[in-house]
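Novice: Model the structure of this input:
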Amino acid sequence: YNTPEGKAYYHNAKADQTQWDMPEEYREWLERTSATPEAPKEEDPIEVFKNELRALGMRSTWTQDEAFSAINPKPIWSALKLSEKKKAFQALVAVLKVEEREEAKRKEQQNRDDFIKALFDCPEMYPGTSFREAMALISADARYLGVSSDREREKLFNDFWDLKEKRDREEQRQQRRQAQEKWREYVHNHPKITLDTQWRTFREESKDLEVFQAVDSLDSLNIFMDYIKELEKKEAEEFNLKKIENKRKSRAVRNQFRELLEEHLKDGKIGIKTKWKQFRESIMTEERYLNLLGEEIDGSTPAELFYDVIADLEEKYEKDKSRLKKIMRDLSVVIDIETSLEGFLEKIQTHEDFEDINEANMELLFTDFQEKAKKDAERTKIKAKKRFSHILHNTKITRNTSWENVSIPKSADITYLPLTEDEKQTLFEEELKKRALDDDFQNSDDDEDFRSKQRQSRGSRRSRSHSRSSSRSKSPAKRDDHKKDSHKRDEHKRDEHKRDDHKRDDYKRDDYKRDDYKRDDYKRDDYKRDDYKRERDDYKRDDYKRDDYKRDDYKRKRKEDSDSSRKKSRHSRR
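Specialist: The predicted structure follows:
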């Protein structure tokens, strides 16, 4: 079989195999079939008749009688009928006419080519030679006589000049190409050409060389710039290879440092509350840490890798915290100040989610919950003290009242306040110290009701004496002194109330400050994590920017190259 392109191949239908080479079995079969002798083929008498006429030198101008008289002595003459002889003669004449016509054209074309060659061989032929001058120069040449008419000679003369211009241009092109190859070889083998070499400097050094003078100035510049571009491409490839190798090395060093972090994590030296400065002191002499500090190492820093581990621990910690809260809600377990870790674990170990919580996180969570319980208890006690102080402030207390016989109003329920007797007594003594600054409290006796009635009677007597006559009333100076004293007492009371308000405000501010400190701590931790994330993003962004800059430089160079090549082509066409 043959392919559409004409290439032969062989296919065995029984074995369903196709191959290009001839199978041995098929080759043997061909040898056997070709070995059988074949009977010789008989020649056509008409063709023999034609061949005999050709052998006799028959031309297309022969007549039938001339041809028959020349072939009459041959044996083939008697083998054909007269009609067959005439038909064969006419067919041969037609073929001979075509052959003679083709031969005439070939000979004519050969004469033209010889004429043009004679013009090329004439040494006196130069540009501007006229047709008559050229004919006079080659008229003695035998090739001149091969073309019969002057019109044909003039046409061939013009063709000669067109052909000569083409040959001259081709020779110039070849010479230019050879000069460019020599200059290119010189530039490529020059040992002092680098990326910083300027064309102006190199041209001054090479202007006296023959290889430079033989080439066109624009071609020499293009070849030099092409070589500089090759050097830039090689340098870019070397830089990329170096960058890839540096990335591979940096990745290996980071993996080694991650293994170091995993080892310390398994040993319990890294926890959720471990700080980088504290951990760095323990690995200052580790080779895997020092390798990551190299100048050629790219990517994440040791601190970033460390805080990545801490972030994973915090994530696991938050998940364990959610599980523990769920367990405590399901089992109604509460952690207070007096709760122990062992007792707490005994209460919650029966829950199905207990095994999912990490043991180290369990201890941290218990400690955090217990600290929170302590702070809540302290906050509750402070509020209780404020409440009890407020109750004492509204309770009737005299100078001689003691803690044992103080009477708390029945409307004030203090049974729920988490205060001990000593704490209540201390608050009572503080209240006595506050009231000791009051003049009425210093002059009071044990009967508060009697004292209040007496103050009311004195006030009513003063008002009556003041309304009667000015002679029976107190003097104006004494009245003014009394008013001043009353104003002083009122101001002193207002100052006491202000002090109490200020203390309450101070307690509130302290609570707010503690809450703010907590929030600030959480914010600082969040800011740290955000800073490290931003730094990692910045590193990645810088890498992407560097890659973008390189791509832009590469595109810019390609555009400049294309512009310069277009300018060169336009210049060369001009």
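Novice: nearest spatial neighbour of A373, skipping sequence neighbours?
Specialist: In space, not counting the residues next to it along the chain, A373 is nearest to D336; the distance is 5.1 Å by CB to CB, 6 or more residues apart in numbering. C-beta coordinates here come from the backbone N, C-alpha and C atoms, glycine included.
Novice: Report the separation between the one you found and T380.
Specialist: 12 Å (CB to CB, to the nearest Å).
Novice: now swap in K434 and tell me
Specialist: To T380, K434 is 24 Å away according to CB to CB.
Novice: the more surrounded of those two?
Specialist: For K434 and T380, the more surrounded residue by other CB atoms under 10 Å is K434, and the numbers stand at 16 against 12.
Novice: roughly how far apart are that one and L419?
Specialist: As defined by CB to CB, K434 lies at a distance of 18 Å from L419.
Novice: Please apply the same query to K243.
Specialist: Counting by CB to CB - K243 and L419 are separated by 72 Å.
Novice: mean confidence for the helix or strand where E28 lies?
Specialist: Assigned by DSSP states H and E, E28 falls within helix 24-35. pLDDT averaged over helix 24-35 equals 71, rounded to a whole number.
Novice: ok, and for it, which residues are buried?
Specialist: Judged by neighbour count using 16 or more other CB atoms under 10 Å, helix 24-35 contains no buried positions.
Novice: Run through who's touching that helix.
Specialist: Surrounding helix 24-35, the residues in contact under the criterion CB atoms under 8 Å, 6 or more residues apart in numbering are Y10.
Novice: CA atoms only: put that helix into CSV for me.
Specialist: The C-alpha coordinates for helix 24-35 follow below in CSV (Å, rounded to 0.1, in the frame of the first residue of the first chain):
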residue,chain,number,x,y,z
GLU,A,24,10.8,-11.3,4.9
GLU,A,25,8.0,-13.7,3.8
TYR,A,26,6.8,-11.2,1.2
ARG,A,27,10.4,-10.7,0.0
GLU,A,28,10.9,-14.4,-0.4
TRP,A,29,7.6,-14.7,-2.3
LEU,A,30,8.7,-12.0,-4.7
GLU,A,31,12.0,-13.7,-5.3
ARG,A,32,10.2,-17.0,-6.1
THR,A,33,7.7,-15.4,-8.5
SER,A,34,10.4,-13.3,-10.3
ALA,A,35,12.6,-16.4,-10.9
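Novice: what's the following helix or strand after that helix?
Specialist: Taking DSSP H and E, what comes next after helix 24-35 is helix 45-55.
Novice: Tell me the buried residues in that next one?
Specialist: Within helix 45-55, the residues that qualify as buried are I46, V48, F49, K50, E52, L53, counting by 16+ other CB under 10 Å.
Novice: Next up, the contacts around the third one.
Specialist: When the contact criterion is CB under 8 Å, 6+ apart, the partners of F49 are I71, I76, A79, L80, E84, K85, A88.
Novice: swap the cut-off to 7 Å and go again
Specialist: Contacts of F49 were listed using CB atoms under 7 Å, 6 or more residues apart in numbering, and they are I76, L80, K85, A88.
Novice: Now A70: closest residue in space that isn't a chain neighbour?
Specialist: Of all residues beyond its chain neighbours, the one nearest A70 is L56 (5.0 Å), with distances taken as CB to CB, 6+ apart.
Novice: Give me the neighbour count for that neighbour.
Specialist: 13.
Novice: Over to F157?
Specialist: 19.
Novice: Just to be sure, it is in a helix?
Specialist: Yes. Read with DSSP: H, G, I helix; E, B strand; the rest coil, F157 is one of the residues of a helix.
Novice: Give me the pLDDT value at it.
Specialist: Per-residue pLDDT puts F157 at 84.
Novice: how about it, what does it touch?
Specialist: Residues in contact with F157, defined by CB under 7 Å, 6+ apart, are F131, A134.
Novice: For it, give its distance to L331.
Specialist: Plainly put, F157 is 120 Å away from L331 if you go by CB to CB.
Novice: Quickly find the element holding the residue nearest to A373.
Specialist: Assessed by DSSP H and E, D336 sits outside every helix and strand.
Novice: okay, K243 and L419: which has more neighbours?
Specialist: Ranked by neighbour count (other CB under 10 Å), K243 and L419 place L419 first, with 17 against 13.
Novice: What's the local residue count around I76?
Specialist: A count of nearby residues for I76, using other CB under 10 Å, gives 17.
Novice: so where's the stretch 1-150 of the chain shaky on pLDDT?
Specialist: Scanning the stretch 1-150 of the chain for pLDDT under 70 picks out the ranges 3-7, 16, 33-43.
Novice: could you show me where the helices are in it, in order?
Specialist: Secondary structure of the stretch 1-150 of the chain (DSSP state H, counting those that start in this stretch): helices located at 24-35, 45-55, 64-71, 82-121, 131-138, 150-188.
Novice: Make TSV from those helices and add distance to E295 to it.
Specialist: Converted to TSV, the helices of the stretch 1-150 of the chain look like this (distance: least, CB to CB, whole Å):
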stretch	distance to E295
helix 24-35	71
helix 45-55	96
helix 64-71	105
helix 82-121	73
helix 131-138	81
helix 150-188	35
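Novice: Show me the one of those that comes nearest D312.
Specialist: Using CB to CB as the criterion, the shortest distance between D312 and those is 56.6 Å, found for helix 150-188.
Novice: after that closest one comes which helix or strand?
Specialist: Along the chain past helix 150-188, the next helix or strand (assigned with DSSP H and E) turns out to be helix 199-206.
Novice: So L324 versus A373, what's the distance?
Specialist: Noted for L324: a distance of 14 Å to A373, by CB to CB.
Novice: Those two: which has the busier surroundings?
Specialist: Set side by side, L324 and A373 show more neighbours around L324, with 24 against 16, by other CB under 10 Å.
Novice: mind listing what the more buried one touches?
Specialist: With contacts taken as CB under 7 Å, 6+ apart, L324 has the following neighbours: I357, L365.
Novice: following the strand or helix carrying it, which helix or strand shows up next?
Specialist: The secondary structure element spanning L324 is helix 302-331 (assigned by DSSP H and E). The C-terminal neighbour of helix 302-331 among helices and strands, as given by DSSP H and E, is helix 341-348.
Novice: From the chain's centroid, how far away is the next helix or strand after that following helix?
Specialist: Next along the chain after helix 341-348, taking DSSP H and E as the criterion, comes helix 359-393. Centroid displacement of helix 359-393 relative to its chain, using CA atoms, centre = their mean, to the nearest Å, is 52 Å.
Novice: now the angle from helix 359-393 to helix 302-331?
Specialist: Orientation note: helix 359-393 sits at an angle of 70 degrees relative to helix 302-331 (axes from the mean of the first three to the mean of the last three CA atoms, to 10 degrees).
Novice: what's the angle from helix 359-393 to helix 341-348?
Specialist: Helix 359-393 runs at 100 degrees relative to helix 341-348, counting by the same axes, to 10 degrees.
Novice: Show me what helix 359-393 is packed against.
Specialist: For helix 359-393, the packing partners by 3 or more CB pairs under 7 Å, 6 or more residues apart in numbering; DSSP states H and E come out as helix 302-331, helix 341-348, helix 421-435, helix 476-573.
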